[in-house]
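Novice: Would you be able to build a 3D model of this:
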Amino acid sequence: MFEASSARLLPDGKRLLLQQGPIDLVVEAAGTAAAVEAAYQAAMRRFDGLLAELCGELALLRSPVRTNSPVPEGPVARRMHQAVAPFAAATFITPMAAVAGSVAQEILGVMVEAAPLARAYVNNGGDIALHLAEGETFRIGLVERPDRPNLFATASIAAADPVRGIATSGYPGRSFSLGIAEAVTVLAPTAAMADAAATVIANAIDLPGHPAVERLPAEAIQADSDLGTRLVTRNVAPLTEAEIETALAGGLAEAQRLRAAGLIVAAAMHLQGVSKMLATPMILQEQAERRLARA
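Specialist: Got it, this is the predicted structure:
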C-alpha cells in the first residue's frame with residue numbers, strides 16, 4: 001500500500017506538486033486566478049485514487065500487448081494500451097511504456113475541462129502533456145541526458161503545431177532501456193504517444209552483444225519489472241565514432257519510420273556526445289545533426 005497522495009504549491013506559488021508513491025507531477029496553468037484555482041482543484045481530485053486505479057490492473061499493464069490482448073478498463077490504463085498498440089506487432093512492448101505520459105495526459109485533461117486556460121502543462125518526470133489555447137506558445141528545453149540536464153537545443157511549440165506531448169527515454173533515466181542511448185526526446189501529438197515512441201526509439205539505438213555494453217536482466221534489478229528476464233543496459237564504456245554512428249543510425253531510421261506513420265512529429269537522440277535530430281522548424285537549433293564536445 002502507498003501512503004496517501006499529497007498536493008502543495010511549490011515556493012514560486014504558481015506550480016502545483018502532486019505526489020504519491022512513484023508518481024511526482026509538477027503542474028502549472030495560466031489563466032485567470034479563478035480558472036487556475038478550478039484547474040488545480042480538478043487536478044487534485046483526479047490524482048487522488050489514480051495510483052490505486054492503475055494498481056488494480058497492474059498484471060495486465062505489465063503484460064506484452066498482442067493483437068488479441070484484452071483492453072484495460074480504467075481510462076488511464078486504456079490510454080496506455082492504445083499508445084503502445086501501434087508498436088506491438090513489431091516489438092515487445094507493454095502498456096507500462098506509456099504510463100508516465102498517460103498519467104500526465106489524464107491530469108491535464110481534467111484541468112482543461114474544469115476551466116478555460118491559456119496554457120497548462122503536467123510534467124511527470126520529464127514526460128509532459130501540454131495545453132495551448134489559440135495564439136499561445138511553449139518553449140521547451142531539450143536535454144542530452146536525463147541525469148545531466150544540460151540543454152542542447154530548444155523547441156518552440158505553438159497552438160497550431162501538432163505537438164501536445166513530449167517524452168524522454170534512455171538507459172540512465174528512471175526507467176529501464178534495452179538500448180544504449182543516453183537520451184531520446186520525442187515530440188508527438190499526445191504525451192502517451194510520445195512516451196511509447198521514445199521507448200521504442202531508445203531501444204533501437206543499440207549494439208547487440210557489444211563488450212562495451214553492460215547489461216543485466218531487468219528482474220535482477222527490479223523483481224516486478226514488466227521486462228522480466230530481458231537484458232537492460234546499465235553502463236556503456238567509450239565507443240568508437242563508427243560504433244556511435246551505427247547505433248544512432250538505428251534510432252534515426254526508427255524515428256523516420258514512426259514519423260512517416262504519423263506517430264511522432266520530431267525526435268532528438270544522444271549517445272556519448274553525439275546528437276542526431278529528426279527535426280522540424282520548431283527545433284531552434286540551426287543544424288538537424290551536430291557533434292557535441294566529447295566528454
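
Novice: Please make it C-alpha for all contacts and neighbour counts, starting now.
Specialist: Fine.

Novice: what helix or strand is residue 249 on?
Specialist: helix 241-260 (DSSP states H and E).

Novice: Quick check: mean pLDDT of whatever helix or strand residue 203 lives in?
Specialist: If you go by DSSP H and E, residue 203 is part of helix 191-204. Computed over helix 191-204, the mean pLDDT rounds to 97.

Novice: Whatever helix or strand comes next after that helix: which residues count as buried?
Specialist: Next helix or strand after helix 191-204 toward the C-terminus (DSSP H and E): strand 213-217. If you call a residue buried by 16 or more other C-alpha atoms under 10 Å, then strand 213-217 has these buried ones: 213, 215, 217.

Novice: Contact partners for the first one?
Specialist: By that I understand residue 213. Going by C-alpha atoms under 8 Å, 6 or more residues apart in numbering, residue 213 touches 180, 207, 233, 234, 235, 236, 237.

Novice: where in the chain is pLDDT low?
Specialist: 1-2, 146-149, 152, 281-295 (pLDDT under 70).

Novice: Could you list the domains of it?
Specialist: For the chain, the domain assignment from automatic domain parsing gives the residue ranges 1-133, 135-295.

Novice: Name the residue most distant from the centre of this protein?
Specialist: residue 34 (30.4 Å; C-alpha atoms, centre = their mean).

Novice: Please identify which helix or strand holds that one.
Specialist: Going by DSSP H and E, residue 34 is part of helix 33-47.

Novice: ok, now residue 18?
Specialist: In the assignment (DSSP H and E), residue 18 maps to strand 16-20.

Novice: Residue 167: how many residues sit nearby?
Specialist: 31 (other C-alpha atoms under 10 Å).

Novice: wait, it sits on residue 185?
Specialist: Yes - using C-alpha atoms under 8 Å, residue 167 is in contact with residue 185, at 5.6 Å.

Novice: Could you name every residue contacting both of those two?
Specialist: residue 198.

Novice: In the stretch 101-250 of the chain, what residue spans correspond to strands?
Specialist: 119-124, 127-132, 137-145, 148-158, 165-169, 183-188, 213-217, 231-236 (DSSP state E, counting those that start in this stretch).

Novice: list the buried ones in the longest one?
Specialist: By neighbour count with 16+ other C-alpha under 10 Å, strand 148-158 contains the buried residues 155, 157, 158.

Novice: just those residues now: which is nearest residue 104?
Specialist: Comparing the buried residues of strand 148-158 against residue 104 with C-alpha to C-alpha places residue 157 closest, at 17.7 Å.
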